[in-house]
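Visitor: One predicted model, sequence on top.
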Amino acid sequence: MENSELKQIASQVRRDIVRMVAAVSSGHPGGSLGCADFFTLMYFEVLKQDPKKFDMDGKKEDLFFLSNGHISPVWYSVLARSGYFPVAELSTFRKISSRLQGHPSPAKGLEGIRMASGSLGQGLSNAIGAAQVKKLNVDDSLVYTLHGDGELQEGQIWEAAMYAAAHKVDNLIATIDYNGRQIDGDVDDVITLGNLKEKWQAFGWHVLEMNGHDFDDMRKTLAEAKAKTGHGKPIVILMTTEMGQGVDYMMGTHKWHGSAPNAEQLESALNQLEETLGDY
Amino acid sequence: MIEIEVFGKKDTRSGFGEGLLELGQNNPDVLALCADLTGSLKMDAFQKEFPERFFQVGIAEANMISIAAGMTIGGKIPFTGTFANFSTGRVYDQIRQSVAYSNKNVKIAASHAGLTLGEDGATHQILEDIGMMKMLPNMTVIVPADFNQTKQATIACAAHEGPVYLRFGRPSVPIFVKPDAQFVIGKADTVIEGTDVTIIACGHLVWKSIEAAQELEKQGISAEVINMHTIKPLDEQAVLQSVAKTKCVVTAEEHMYNGGLGDSIAQLLARTNPLPQEYVAVNDTFGESGTPDDLMKKYHIDTPDVVAAALKVISRK
C-alpha cells in the first residue's frame, strides 16, 4: 500500500480514537494515538488475515495479541476499518451491552479479538502459547504482539521472555511501544527500564528498533523481523513513538494516557486530523 | 451392615497421571505443561511418551497459565500441572483474565490440595482454592474422591469444552470407586443410601464419610453419603432429593468453611428448602506441618468429626 494511503487511513483512525473516548468521557487516547501508524500498517499491509472469515483458531493466519489492552480504541478502529466488524459499531465503545469493552475481550464475540487483556503483562505468554501451537500444527504463519513499555515492569513479561528463548519460539514478533511514558509520569521516573535493548538481548531475543511514525522504517524493520523468524530466537522490536501523536496538546506529556478530551478539546483535536474515510 | 468394596490404596495424583497418559494416547490434541513438579504431579509418563506435547515451564506459574490459554488457540487442550496453591492463589489474575473471562479450554490440574499435603506446612496447604475457582464465571470445579475417580475425571475434563479446575491430593487413600465407573461432570454419586441424615462430601472426605456412615449405623442411624465430586455446576437435584428424605445435611470437605462445598449446599438450601446443616471443614485458620492423619485430626476433618456433625444435625431437626 502507498504511504499516502496509509497516512489517510491513520488520520481517520486517530479521528475515531478521539471521538470514541470523548463520547464516553473515558478511555486511553495517548497510547492509542501513538500506535495508530503501527496498527494501520499492520492491519492494512503486514498481517496475513482474512477479516471476513474470523475464527478463534486462526489457523494459517497471522495472529495479533494486544497485551496493553487499554489502547483498545486504536485496535477497534483498525479492526472495523479493515472489515472485521461494522464501522458504525465504534459508536458503542464503553457503553452498556457493547461488544467494544473498555479493555478488549472475546467474551462478547467481537471479531478480531482472541484473548482478554487489560491486566498487564500477560499477552506475551498468551502469544507464546499460540505460537507453539502453530508449530505443532505445522502452520508457518506468525504471531505478533504489542506491549507498552511501562508494562515491562510486570514480572511475568520476563518469565515469558526467558521461556520463549529457552523453547526457541522463533515464530513470534513482539513489539514494544517505547514511548517512555506511563500513568504516573515518565517511565524513567516511575521505574526505569534501564538499557532495554541489552535486557532483551541478555534474555536471548533478537532485538530490532524502529520509528513508529515512519511507514518506510516500520515496513523495512518488520520485513527484517519476518526474515529473522525460524532461526531459533524470538524477535522483539523496540518501537519509538510519541504518546498522543497527531494531536498537539496531547504530545510531550503523560497526561493523556488515560484522560478523554472535553468538547472543546475534541474540536481542537479534530481540526488537526483530516477526515479521510468518513466518520462513523 | 454397610459394605463397600475397596480396590486397594493409592494417591489421587497418580490417578491424574494415568488419566493424562491415557488421554495422550487417545487424543493428539491433549498437551501438558508443568512448572517444575513433573514427578510430584505424576506427569512423567506423559512427558516420556509424548515429549513434543509436554512443555516444561520452570518455576513460573503465571507464565504457565497464560501460555496454556494461548495454546487453546489452534484447537489444543492444555493441562497445566502444579500444586493447588500455585495453581490458584498465585495465578488468580491470569486464570481470571485469560482462562475464565476469555473462556479458554484450559484444564488446571492441581495436586497436593489441602491439609493432607502434610509436612510442608501452611505455605503450601491451600484451603481456599475451591472458593476462588467456583467464583469464576465459566469455570467448572471438580474434586474427585479416589484414584479411580481422579483418572476418570481427568479423561472427562478433556471431553468437556471450557475451563476446568481439577483438584486432587498427595496421600495414599482407599480406592472405592469402581475402575469402570463412568464419570459424569455435574452428576453426583450416591455412595450409600440412607434416611436419617445426608452427608455430602468431596475429595478425601468422601472416604471419611463412608467410615462415619458405618459408625453411625452401629448407633442405629441411617446415613446417606453423596460423593459431590463436581462442586460447580452443582448437582442440585441430587441434594434436594436426598434432603427431602433426611431433612438435614452434613457437608464434609478438606477446605475452609468459607467458599467451599458446604457454602454451595447452604446457598442451595437457603434458596429452596432451608434445613439444618453442619459443616466439617477448616474453620478460618491456616494449617501447619504434620502428618496428614495428625492434621485431619487436629483440624477436625476426620471420621469422628463427621459422626459428631451428623449426630448434632439430627438433633437440630
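Guide: Nice, thanks for sending it over. Numbering: from 1, shown residues only, chains lettered A, B, ... in the order given.

Visitor: Phi first, then psi, for the closest residue to chain A within the stretch 201-317 of chain B.
Guide: Relative to chain A, the nearest point of the stretch 201-317 of chain B is residue B:232 (18.6 Å; Cβ to the nearest Cβ). C-beta: built from backbone N, CA, C; applies to glycine. Residue B:232 adopts backbone torsions of phi -150, psi 120, taken as degrees, to the nearest 10.

Visitor: If we go by neighbour counts, what in stretch B:217-231 is buried?
Guide: For stretch B:217-231, the neighbour count (16 or more other Cβ atoms under 10 Å in any protein chain shown) marks B:221, B:222, B:223, B:224, B:225, B:226, B:227, B:228, B:229, B:230, B:231 as buried.

Visitor: Just send the residues you listed back as CSV, with pLDDT too.
Guide: Shown next, in CSV, are the buried residues of stretch B:217-231 (pLDDT from 0 to 100):
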residue, pLDDT
B:221, 98
B:222, 98
B:223, 98
B:224, 98
B:225, 98
B:226, 98
B:227, 98
B:228, 98
B:229, 98
B:230, 98
B:231, 98
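
Visitor: so can I have TSV of these showing secondary structure and distance to residue B:212?
Guide: Supplementary listing: these in TSV, determined by DSSP: H, G, I helix; E, B strand; the rest coil; distance: Cβ to Cβ, whole Å:
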residue	secondary structure	distance to residue B:212
B:221	coil	10
B:222	coil	12
B:223	strand	7
B:224	strand	12
B:225	strand	8
B:226	strand	13
B:227	strand	13
B:228	coil	15
B:229	coil	18
B:230	strand	22
B:231	strand	20
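
Visitor: Tell me how many other residues surround the residue of the stretch 201-317 of chain B closest to chain A.
Guide: 19 (other Cβ atoms under 10 Å in any protein chain shown).

Visitor: Please report the distance of it from residue B:133.
Guide: Using Cβ to Cβ, to the nearest Å, we find residue B:232 at a distance of 8 Å from residue B:133.

Visitor: Common neighbours of the two, please.
Guide: B:139, B:141 (Cβ atoms under 8 Å, 6 or more residues apart in numbering or on different chains).

Visitor: Bridged to the residue of the stretch 201-317 of chain B closest to chain A, which residues?
Guide: Beta bridges link residue B:232 to residue B:141 when assigned by DSSP bridges.

Visitor: got the residues of the stretch 101-250 of chain A near chain B?
Guide: A:105-107, A:114-119, A:122, A:125-134, A:136-137, A:139, A:155-156, A:159-160, A:162-163, A:166-167 (Cβ under 8 Å from any Cβ of the partner chain).

Visitor: Among these, the buried ones, what's the PyMOL command?
Guide: Here is the PyMOL command that selects the buried residues among these (16+ other Cβ under 10 Å):
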select buried, chain A and resi 105+106+107+114+115+116+117+118+119+122+125+126+127+128+129+130+131+132+133+134+136+137+139+156+159+160+162+163+167
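
Visitor: What residue, apart from its backbone neighbours, is nearest the residue in the stretch 1-150 of chain B positioned nearest to chain A spatially?
Guide: The nearest approach of the stretch 1-150 of chain B to chain A comes at residue B:70, 2.5 Å away (Cβ to the nearest Cβ). Ranked by Cβ to Cβ, 6 or more residues apart in numbering or on different chains and with sequence neighbours excluded, the top spatial neighbour of residue B:70 is residue A:129, at 2.5 Å.

Visitor: quick one: the helices in chain B?
Guide: Assigned by DSSP state H, chain B shows helices spanning B:12-26, B:44-49, B:61-71, B:84-87, B:92-94, B:129-134, B:147-159, B:205-218, B:236-246, B:261-272, B:292-298, B:303-315.
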